[in-house]
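S.K.: here are the coordinates; sequence isn't available:
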């Protein structure tokens, strides 16, 4: 173990969600307690629930942590090895925790250390409270944020662009964990469809999810799709439950699903929809409920099918039987996305695959296609021009494309169709209406498959799709004259089908993986993944691959 080979005062371990950071940290704590390097352990977590989870995990290896410690207690009881506290607790009363740290030689485990950079009071409090610690072990899942606040006890080194970047002592990324069988592969099922809304001025707008749109239009279409009163969410929840049924029948008898909602009202509404769809009540977990931690623990140990929660279940919460997720939130930062997907990837046995349903919008498709990306914490980086939570929130809060205030918008309808399946960075399939036999072919993939088998079956489904489309006769032109020209949306669908067919042919000819072929086309021609490419970019890629 890298830590034990080179012990040091500060150590930063960056590991993908689901890789076992808790196990790693508790092994170090046990070793340091056993050899007398430390006498006490303090664990700092982002949430109240994680305090309890850490204390339970520590107890299993003989380390007793007081998860009920309050700042007013000043010291933990002598029969505890230490305490589990939150960053908020430390930020409120750093002097209390500094005294505790100075009383006994202490190892401090800073779980999801990036939270110490969220607020200056938290960062200053953590630094003041734990400077006297003998050892500090900082943990985080990738990726970090980019901002101007240095994170306490994290080292920074200048990069090639002159900006300071966090320097991790140990990195264990998603690709490493996947190769070792520690995490499951993820299959993303991206749903598009038409979204319609009315502005406060009475104008009706209709756009299609999955098409290149402005931030304003994407934000409003996204919100319209997630509206529980529309058609999109019930259709996607029904598809997700169908997938869950297949997994349960195919070897994952206790498989469970989780819907991650934007807010509490939406969470309650989604739970009602699930009850209607499944006939079984869904467990609802809200951050301000006193019994939230107990409800999560009860769900983890039960055979219940669905849980609906807001953001509190996105980070650190350990429910290994989660296998199906519905990403029903507009949060789009790489950090939040990685933490949310991390709830579904913890491996238990070979053949299990994580399945995540999400809106077919540019920011999420880009993140789904780059699951293996690792990022450092960069100080003073310019604000990015792409998709981020702040930009989307601003677009949703202020004005839509017609200049009307968001609060005056009326969501009219949103229909769902399976736009594509993303697996190992490769896009499979062409748009399919929800509730059709073609959709069932993708939802019905066997429950236990090796990664190669998943690739093979997805390729087979796509080939069958394209073969059916080639045999279908085009609609006859109306008697009055030639057929009307295709819209931009129809052209993109047609060109994506062409491109996928040519990529499949290249795969059959050379044996190169689909993802590798797509990646080379992007490298040669430029532009985003094919799901977000323009008509001109798709035409260029088609011409390029034909030249091969």
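M.R.: Alright, I've got the coordinates. On a predicted model such as this, the values are computed, not experimentally measured, just so you know.
S.K.: helix or strand with the lowest mean pLDDT in the protein?
M.R.: Least confident helix or strand of the chain, by mean pLDDT, DSSP states H and E, is helix 389-397 with a mean of 44.
S.K.: now do the buried residues in the helix or strand following that helix.
M.R.: Later in the chain than helix 389-397, the nearest helix or strand by DSSP states H and E is strand 410-414. Buried residues in strand 410-414, counting neighbours by 16 or more other C-beta atoms under 10 Å, are found at 411-414. For glycine as for every other residue, the C-beta is placed from the backbone atoms N, C-alpha and C.
S.K.: partner strands of strand 410-414, with direction?
M.R.: According to DSSP bridges, strand 410-414 forms sheet pairs with strand 186-198 (antiparallel).
S.K.: for the stretch 301-450 of the chain, give me the ranges with low pLDDT.
M.R.: Scanning the stretch 301-450 of the chain for pLDDT under 70 picks out 311-316, 371-408.
S.K.: what ranges do the helices span in the stretch 401-548 of the chain?
M.R.: For the stretch 401-548 of the chain, the helices defined by DSSP state H, counting those that start in this stretch cover 437-443, 451-471, 488-510, 514-525, 535-547.
S.K.: ok, now the stretch 201-350 of the chain?
M.R.: In the stretch 201-350 of the chain, the segments counted as helices under DSSP H, counting those that start in this stretch are 215-226, 232-249, 264-278, 292-301, 334-341.
S.K.: most tightly packed of those helices?
M.R.: When you average the neighbours per residue for each of those (mean count of other C-beta atoms under 10 Å), helix 215-226 leads with a mean of 24.
S.K.: tilt between that helix and strand 410-414?
M.R.: Relative orientation of helix 215-226 versus strand 410-414 (axes from the mean of the first three to the mean of the last three C-alpha atoms, to 10 degrees): 70 degrees.
S.K.: show me the contacts for residue 134.
M.R.: Residue 134 makes contact with 9, 37-38, 105-107 under the criterion C-beta atoms under 8 Å, 6 or more residues apart in numbering.
S.K.: now the residues you listed: which count as buried?
M.R.: Neighbour-count burial within these applies to 38, 105-107; the criterion is 16+ other C-beta under 10 Å.
S.K.: from those residues, which is closest to residue 76?
M.R.: Residue 76 lies nearest to residue 106 out of these, by C-beta to C-beta, at 11.0 Å.
S.K.: torsion angles phi and psi at the closest one?
M.R.: Backbone torsions for residue 106, taken as degrees, to the nearest 10, come to phi -120, psi 140.
S.K.: you'd agree it is up against residue 83?
M.R.: No: contact between residue 106 and residue 83 fails when scored by C-beta atoms under 8 Å: they sit 10.2 Å apart.
S.K.: now the common contact residues for those two.
M.R.: Residues touching both residue 106 and residue 83 (C-beta under 8 Å, 6+ apart) are 42, 100.
S.K.: next, count neighbours for the residue nearest to residue 533 when sequence neighbours are not counted.
M.R.: Distance criterion C-beta to C-beta, 6 or more residues apart in numbering; nearest residue to residue 533, sequence neighbours excluded, is residue 527 at 5.2 Å. Per other C-beta atoms under 10 Å, the neighbour tally for residue 527 reads 15.
S.K.: roughly how far apart are residue 527 and residue 260?
M.R.: Distance, residue 527 to residue 260, using C-beta to C-beta, to the nearest Å: 30 Å.
S.K.: one more: residue 30?
M.R.: 33 Å.
S.K.: ok, residue 327 next?
M.R.: Distance from residue 327 to residue 260, by C-beta to C-beta: 6 Å.
S.K.: what residues are shared contacts of those two?
M.R.: residue 340.
S.K.: return the residues in contact with residue 102.
M.R.: residue 132.
S.K.: can you verify it is assigned to a strand?
M.R.: No: applying DSSP: H, G, I helix; E, B strand; the rest coil, one finds residue 102 to be helix, outside a strand.
S.K.: just use 202 as the starting number from now, easier for me
M.R.: With the count now opening at 202, the last piece we talked about shows up as residue 303.
S.K.: contacts for the helix or strand harbouring residue 204, please.
M.R.: Per DSSP H and E, residue 204 falls inside helix 203-206. Here helix 203-206 makes contact (C-beta under 8 Å, 6+ apart) with 212, 214, 229, 232, 338, 370-371.
S.K.: switch to 6 Å and redo it
M.R.: Contacts with helix 203-206, where a contact means C-beta atoms under 6 Å, 6 or more residues apart in numbering, come from 212, 229, 371.
S.K.: highest neighbour count among those residues?
M.R.: The most crowded member of these, judged by other C-beta under 10 Å, is residue 229 (22 neighbours).
S.K.: break the chain into its domains for me.
M.R.: By the assignment in automatic domain parsing, the chain contains the domains 203-373, 383-574+587-648, 687-748.
S.K.: give me the distance between the two termini of the first one.
M.R.: The straight-line separation of the ends of domain 203-373 (C-alpha to C-alpha, to the nearest Å) is 12 Å.
S.K.: same question for it, mean pLDDT?
M.R.: Domain 203-373 carries an average pLDDT of 88.
S.K.: ok, which of the helices of the stretch 602-749 of the chain comes nearest residue 567?
M.R.: The closest of the helices of the stretch 602-749 of the chain to residue 567 is helix 715-726. By C-beta to C-beta, the value is 12.1 Å.
S.K.: report the angle between that closest one and helix 736-748.
M.R.: Orientation note: helix 715-726 sits at an angle of 110 degrees relative to helix 736-748 (the same axes, to 10 degrees).
S.K.: what residues of stretch 628-643 count as buried?
M.R.: Within stretch 628-643, the residues scored as buried using 16+ other C-beta under 10 Å are 628-633, 635, 639-640, 642-643.
S.K.: need the max-distance pair from those.
M.R.: 628 and 635 (18.4 Å).
S.K.: count the neighbours of residue 743 for me.
M.R.: Residue 743 sits with 19 neighbouring residues when counted by other C-beta under 10 Å.
S.K.: sorry, back to before: got TSV for the buried residues of strand 611-615, with distance to residue 468 too?
M.R.: Formatted as TSV, these follow (distance: C-beta to C-beta, whole Å):
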residue	distance to residue 468
612	18
613	23
614	22
615	19
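S.K.: fine by me, we can end here.
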